[in-house]
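Q: I would like the atomic coordinates for the input below:
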Amino acid sequence: MCVDLKIFCCYGRLEDPDAEEVSEFVENQRKLTESVLSTCDFREKLRERITDLYDYPKYECPFKKGDKYFFFYNTGLQSQSILYIQDNIEEEAHVLLDPNKLSDDGTIALSIHSLSENAEFLAFGLSYSGSDWVNIKVMQVKDKTLLSDSLSWVKFSSIAWTHDNKGFFYSCYPTPNEYANLDAGTETDINLNHQVYYHFVGTEQSEDVLCWRDFKNPKWLFGTAVTEDGKYLVLSIEEGCDPVNMLFYCNLTALPNGLDGFRGKDDLLPFKKLVDNFEARYDLVANDGTIFTFRTNKNAPRYKLVRVDLNTPCIWIDVIPESTKDVLESAHCVNGGQLLVCYLSDVRYVLQIRELVTGCFLHQLPIDIGSIYAVSGRRIDREIFFGFTSFLTPGIIYQCDLGVLVPELKVFRESILKDFRGADFETKQVFATSNDGTKIPMFIVTRKDVNLNCQNPALLYGYGGFNISITPFFSVSRIVFAQHCGGVLAFANIRGGGEYGEEWHKAGSLARKQNCFNDFVSCAEFLIIEGYTQPNKLAIEGGSNGGLLVATCINQRPDLFGCAIAQVGVMDMLRFHKFTIGHAWTTDYGCSDDEEAFHWLIKYSPLHNVRRPWECLGGKYGIQYPATMLLTADHDDRVVPLHSLKLLATMQHVLCTSVIDSPQTNPIIARIDTKAGHGSGRPTRKLIDEAADKFSFLTKMLDTSWFDYNS
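A: Numbering: from 1, shown residues only. Coordinates of the predicted model:
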């Protein structure tokens, strides 16, 4: 039986970012938050210490184009990293592009970049105030001349150059209505009709060649890549965030007049279908003429490598079969006919060299417990670089020569922090048991002299969604919390992520989303049972989908936590699909327009499940929500601010202002940033300020002490 159920939202008016009422609400919340933060004893100590420790050199992997090397580098506290160029890896490097010169406050960031095949041109995308919108510019590398090219309304795009160096493919949305008065990134309109264009260097955007669009499927997303031999354009089509895609290809060398022949015409490129369904994920690894190698989860939830000849598209063969336990995270073709293959084994990275043709194992490269965060190498080169980080290692760039009989890793660059000794700390991996018996991996980082007396302040972090694996990463602010407050750091690898492949992901999505929350609660209980902490000393944190995780867990188990930090979270599970790119998340969450999915979503949607715990949990009057800080920003056009604003208003009303002598004495506040977005591109000063505010609130609410750290 179908029931017409209406859900009334008391704070729907907070969905309009331009409304004066919303501006007043935000300003009042900022004042409230500042009044709370001003009472936090360690706020300035934290800001000073985080700033001091954050001031270390940050390197990214060198990469090669043409005969030049390029790399990004930040001396420590620069707002944005700078792009450098050098003739060879040993010579002095020179600045090619410094984003810090583009704005006084560092809020213009370099979000995407790509060099032409001969390194004559650099195409780069700038984002403003943290928005997902990108404006692409073109620079002539030789003399650093900025050309007149300017491409607007680009979003969720790569930059794929053709090998004649004449131009590149990119993806964008149609120009919004009334765009002249639009502060891009503050709007909430749904993103529809993604399109692929080709831009000829030196021309106007209005002259670009329309290569692909699909008005019958306005929510689909399109990504492009040009094969390393320059012959093929590969089009990846996605219906959302699920790890599935369709694959089309176009033989660029078969176009009679090249891409010039499409100028001024309405004809789309003549793509051929290779995969025309959304059954699996296919990522291009390499091609030799018509023979293509892909990484896929087709009948392989932990992924494998397969090969197909475009001339016989129905015949696919396995090159590297699916592992019985480990997840094939990535594969890069390097050194002629070799593959650099990365596996995830119990959330630990394994790096191997294999043969491209046969998939046979050649070497294993030794790495510690941590994460591979970048790989750089070309098929025509014998050298590779990759970046490594961990909870206690800020960053190491390794170099390896694959042309020798037994390749060895060399430290090419390493980031060293002053006044920090990783040897004083230790990382353990434990396994908590969820309510259904599933073993949930969790990393715990503590000082080696930690006392398991239940008195330690602790911070538990989680995500659990969209097939994203939470692997070890370095965080200055968390290290400061551990150094100076004796904090225990815990990182839960709950279901919904990709730590164990697609089955692990599916076990925490759609109708089984509750598994994520159960897993996270089980990890929290593990920390308490094992003596690391106690409920009023335990804080939880997560961002985006992790913000949803945190907000749901404090709704379901407010008694278990002392503090909650929910950043840029998806809080309205009934309407998220109506704003910007939210429709892409229905592959993980479901959509309330569907009756079955509605009943999943209404059960845990943070906005719709705020209850007074002293009335719900057995009449225990002393139980209240933990001290809670929601974080959002005015230019977050990924998870728009209305999610956090509506939840904030609801929590404050239900728990505080609507109750005489409310037992809710723990503060419920929001940190609402300006000229900032979902997180990427944020300048260093904003990162430090946010971290100082988060941890000053956290340490205050957990009643922690501060002690000096002597390395």
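
Q: residue boundaries of the helices in the stretch 601-711 of the chain?
A: Per DSSP state H, counting those that start in this stretch, the stretch 601-711 of the chain has helices spanning 613-616, 642-652, 684-701. These are given in chain order.

Q: so what does the last one touch, helix or strand wise?
A: Pointing back at helix 684-701 there. Counting contacts by 3 or more C-beta pairs under 8 Å, 6 or more residues apart in numbering; DSSP states H and E, the secondary-structure elements packed against helix 684-701 are helix 20-37, helix 43-54, helix 476-485, strand 538-543, strand 563-567, strand 627-633, strand 668-673. Where C-beta positions appear, they are placed from N, C-alpha and C, glycine not excepted.

Q: all strands of the stretch 451-600 of the chain, in order?
A: Taking DSSP state E, counting those that start in this stretch, the strands of the stretch 451-600 of the chain run over residues 458-461, 488-492, 538-543, 563-567.

Q: among those strands, which is nearest Trp161?
A: When the strands of the stretch 451-600 of the chain are ranked by distance to Trp161, counting by C-beta to C-beta, first place goes to strand 538-543 at 33.3 Å.

Q: now the closest one: mean pLDDT?
A: Per-residue pLDDT values across strand 538-543 average out to 98.

Q: swap in stretch 214-223?
A: pLDDT averaged over stretch 214-223 equals 98, rounded to a whole number.

Q: before we move on, what about stretch 443-452?
A: pLDDT averaged over stretch 443-452 equals 96, rounded to a whole number.

Q: between the two ends of that stretch, how far is it?
A: 16 Å (C-alpha to C-alpha, to the nearest Å).

Q: how far does that stretch sit from its chain's centre?
A: Computed by C-alpha atoms, centre = their mean, to the nearest Å, the separation of stretch 443-452 from the middle of its chain amounts to 28 Å.

Q: ok, Phe576 - contacts?
A: Val570, Gly582, Trp585, Tyr589, Val639, His643 (C-beta atoms under 8 Å, 6 or more residues apart in numbering).

Q: recalculate using a threshold of 7 Å.
A: Contacts were defined as C-beta atoms under 7 Å, 6 or more residues apart in numbering; by that measure Phe576 touches Val570, Gly582, Trp585.

Q: against Thr186, how distant is it?
A: According to C-beta to C-beta, to the nearest Å, Phe576 and Thr186 sit 18 Å apart.

Q: quick revisit: and which of the contacts of Phe576 is nearest Asp401?
A: Here the nearest of the contacts of Phe576 to Asp401, counting by C-beta to C-beta, is Trp585; it sits at 43.2 Å.

Q: what sits against Val341?
A: Val341 makes contact with Leu328, Ala331, Gln352, Arg354 under the criterion C-beta under 7 Å, 6+ apart.

Q: returning to that earlier point: worst mean pLDDT among the helices of the stretch 601-711 of the chain?
A: helix 613-616 (a mean of 90).

Q: can you list the low-confidence ranges for this structure?
A: By pLDDT under 70, the low-scoring segments of the chain are 1-9, 179-180, 617-621, 710-711.

Q: mind redoing it with 90?
A: Low-confidence segments of the chain, defined by pLDDT under 90, span residues 1-12, 176-183, 266, 418-419, 616-622, 708-711.

Q: so which bits of stretch 51-66 are buried?
A: Under the neighbour-count criterion of 16 or more other C-beta atoms under 10 Å, stretch 51-66 has 51-54, 56, 58-65 buried.

Q: wait, which of the strands of the stretch 451-600 of the chain is closest to Leu631?
A: Comparing these under C-beta to C-beta, the one sitting nearest is strand 563-567, at 4.2 Å.

Q: report the angle between the closest one and strand 538-543.
A: 0 degrees (axes from the mean of the first three to the mean of the last three C-alpha atoms, to 10 degrees).

Q: any chance of the helices and strands packed on helix 684-701 in a markdown table, plus distance to Arg302?
A: A markdown table is the format used below for those (distance: least, C-beta to C-beta, whole Å):
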| stretch | distance to Arg302 |
| --- | --- |
| helix 20-37 | 44 |
| helix 43-54 | 37 |
| helix 476-485 | 30 |
| strand 538-543 | 25 |
| strand 563-567 | 30 |
| strand 627-633 | 34 |
| strand 668-673 | 39 |
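
Q: could you export the strands of the stretch 451-600 of the chain as CSV, including distance to Thr665 and mean neighbour count?
A: Shown next, in CSV, are these (distance: least, C-beta to C-beta, whole Å; neighbours: other C-beta atoms under 10 Å):
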stretch, distance to Thr665, mean neighbour count
strand 458-461, 22, 26
strand 488-492, 25, 25
strand 538-543, 17, 26
strand 563-567, 14, 27
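
Q: tell me the most buried of the helices of the stretch 601-711 of the chain?
A: Burial of these is given as mean neighbour count (mean count of other C-beta atoms under 10 Å); helix 642-652 ranks first at a mean of 25.

Q: ok, which of the helices of the stretch 601-711 of the chain comes nearest Glu204?
A: Across those, Glu204 has its closest neighbour in helix 684-701 (34.5 Å, C-beta to C-beta).

Q: so Glu239 sits right up against Pro218, yeah?
A: No - with contact taken as C-beta atoms under 7 Å, Glu239 and Pro218 are classed as non-touching, separated by 11.1 Å.

Q: compare the two (neighbour count), which wins?
A: For Glu239 against Pro218, the residue with the higher neighbour count under other C-beta atoms under 10 Å is Glu239, and the figures read 17 against 13.

Q: any idea how far the more buried one is from Leu247?
A: Relative to Leu247, and taking C-beta to C-beta, Glu239 is found at 13 Å.

Q: again, but for Ser658
A: The span separating Ser658 from Leu247 equals 54 Å under the rule C-beta to C-beta.

Q: just the helices in the stretch 451-600 of the chain please.
A: Listed from the start of the chain, the stretch 451-600 of the chain has helices (DSSP H, counting those that start in this stretch) covering 476-485, 502-506, 514-529, 545-556, 586-589, 595-604.

Q: on that earlier part again, and of the contacts of Phe576, the nearest to His363?
A: For these, the nearest to His363 is Trp585 (40.0 Å; C-beta to C-beta).

Q: what's the local residue count around that closest one?
A: When neighbours are counted by other C-beta under 10 Å, Trp585 registers 23.

Q: and if you look at Ser103?
A: Other residues within reach of Ser103, judged by other C-beta under 10 Å, total 17.

Q: how far away is it from Leu698?
A: Here the distance between Ser103 and Leu698 works out to 31 Å (C-beta to C-beta).

Q: tell me the secondary structure at Val350.
A: The three-state label given to Val350 by DSSP: H, G, I helix; E, B strand; the rest coil is strand.
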